[in-house]
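Engineer: build the 3D model from these lines:
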Amino acid sequence: MKSIDFEYQRPETLEATLALLADDTRDVQLLAGGQSLIPMMNLRMAAPEVLVDLGALGLSGVALRDGWLEIGAMTRYSALMRDDLVARHAPLMRLALPHVAHAAIRNRGTLGGSVALADPAAEVPAVLLALNAEIEVAGRNGRRNIAADDFFVGLYETDLDDGEIVTAIRIPVQPCRTGFAEVARRHGDYAMAGVALTVGEAGARVAFFGVADRALRAPGLEEALATRGMDQAALEHLRTLPFEGDLNASAEMKRHLAGVVLKRAFNGLA
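Structural biologist: Reported below is the predicted structural model:
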């Protein structure tokens with residue numbers, strides 16, 4: 001099956017892109033990496049009348065500015081995996097990205113595309129939560145930064161307003177140890193359960209994915225890990241989290257798997 005006919009636009013400025021998005025008479029959707037949207041279009045699960053390609057906006061690259069690692073929204077996974085600044089200042093991302101699908105997907109998929117899609121089983125939202133990142137967005141009323149804690153609000157749902165697009169991801173540069181683990185049926189599949197975590201002077205940040213309708217922070221568990229480390233009492237905090245079952249596993253199975261990946265990630269902190 002192939003997609004229905006659509007109009008293709010490739011604007012060269014952010015202003016032109018936002019103008020296209022402001023047209024509320026047609027279904028306008030953005031094309032970042034296309035690794036989720038194009039299959040959905042081919043299956044007729046998405047049928048935009050206008051497809052707006054962001055590839056000409058220059059929203060890619062990695063830079064260090066004023067204590068933040070700034071990553072353009074159109075930066076591809078494969079480029080991030082090779083980037084020295086990412087390796088030095090966001091090693092958690094380097095741990096997680098090899099688990100994103102397969103090489104062909106990583107060569108085309110973009111960081112901003114994953115952020116905007118907000119798939120609850122994807123690695124990127126959880127990584128950004130664990131890194132205390134900010135998402136920079138732009139709209140007709142200007143730019144704003146949204147904390148990752150506030151950005152992912154539900155199943156494929158974000159804090160983006162109508163007509164806004166993700167332009168960059170900002171990660172604070174701060175020393176910390178990082179850990180990552182996930183369980184999937186096959187390498188490259190969506191995770192049945194996964195976790196990204198950081199432990200530093202400011203405490204611990206733990207984000208689970210693949211277990212609910214969004215990536216989940218675990219404040220009680222974070223406090224326990226920061227003060228006592230991994231013990232049975234820390235694991236008991238998993239029972240307070242709103243895990244949800246799916247076709248792969250029940251909520252209780254997800255809870256068990258969350259404990260497994262948490263132990264692996266914590267024991268592998270580096």
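Engineer: what's whichever strand or helix holds Ala79 in contact with?
Structural biologist: Using DSSP states H and E, Ala79 maps to helix 77-82. The contact list for helix 77-82 (CB atoms under 8 Å, 6 or more residues apart in numbering) reads 60, 62, 71, 86, 93-94, 97-98, 100, 103, 105-107, 109-111. The C-beta positions use only the backbone N, C-alpha and C, and glycine is treated the same way.
Engineer: mind giving me the PyMOL select for the residues you listed, buried ones only?
Structural biologist: To isolate the buried ones among those in PyMOL, judged by 16 or more other CB atoms under 10 Å, type:
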select buried, resi 60+62+71+86+93+94+97+100+105+106+109+110+111
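Engineer: that older thread, quick one: buried residues of the helix holding Ala79?
Structural biologist: 77-81.
Engineer: could you do stretch 6-26 as well?
Structural biologist: For stretch 6-26, using 16+ other CB under 10 Å, the buried residues are 6, 11, 14, 17-18, 20-21.
Engineer: take the residues you listed and keep only those in helices.
Structural biologist: 14, 17-18, 20-21 (DSSP state H).
Engineer: now the residues you listed in JSON lines, with pLDDT and distance to Arg170?
Structural biologist: Below are these laid out as JSON lines (pLDDT from 0 to 100; distance: CB to CB, whole Å):
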{"residue": "Leu14", "pLDDT": "97", "distance to Arg170": "17"}
{"residue": "Thr17", "pLDDT": "97", "distance to Arg170": "20"}
{"residue": "Leu18", "pLDDT": "97", "distance to Arg170": "20"}
{"residue": "Leu20", "pLDDT": "97", "distance to Arg170": "25"}
{"residue": "Leu21", "pLDDT": "95", "distance to Arg170": "22"}
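Engineer: now these in JSON lines, with distance to Glu123?
Structural biologist: Putting these into JSON lines (distance: CB to CB, whole Å) gives the following:
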{"residue": "Leu14", "distance to Glu123": "28"}
{"residue": "Thr17", "distance to Glu123": "27"}
{"residue": "Leu18", "distance to Glu123": "29"}
{"residue": "Leu20", "distance to Glu123": "30"}
{"residue": "Leu21", "distance to Glu123": "27"}
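Engineer: wait, which of the residues you listed is closest to Leu269?
Structural biologist: The closest of those to Leu269 turns out to be Leu14 (CB to CB; 39.3 Å).
Engineer: what about the strands in the stretch 101-250 of the chain?
Structural biologist: With strands called from DSSP state E, counting those that start in this stretch, the stretch 101-250 of the chain shows them at 134-139, 142-147, 152-154, 157-158, 165-172, 176-183, 193-200, 203-209, 216-217.
Engineer: picking up where we left off before, in TSV: the buried residues of helix 77-82, plus distance to Arg170 and pLDDT.
Structural biologist: As requested, the buried residues of helix 77-82 are exported to TSV (distance: CB to CB, whole Å; pLDDT from 0 to 100):
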residue	distance to Arg170	pLDDT
Tyr77	18	98
Ser78	21	98
Ala79	17	98
Leu80	14	98
Met81	19	98
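Engineer: with that, I have no additional questions.
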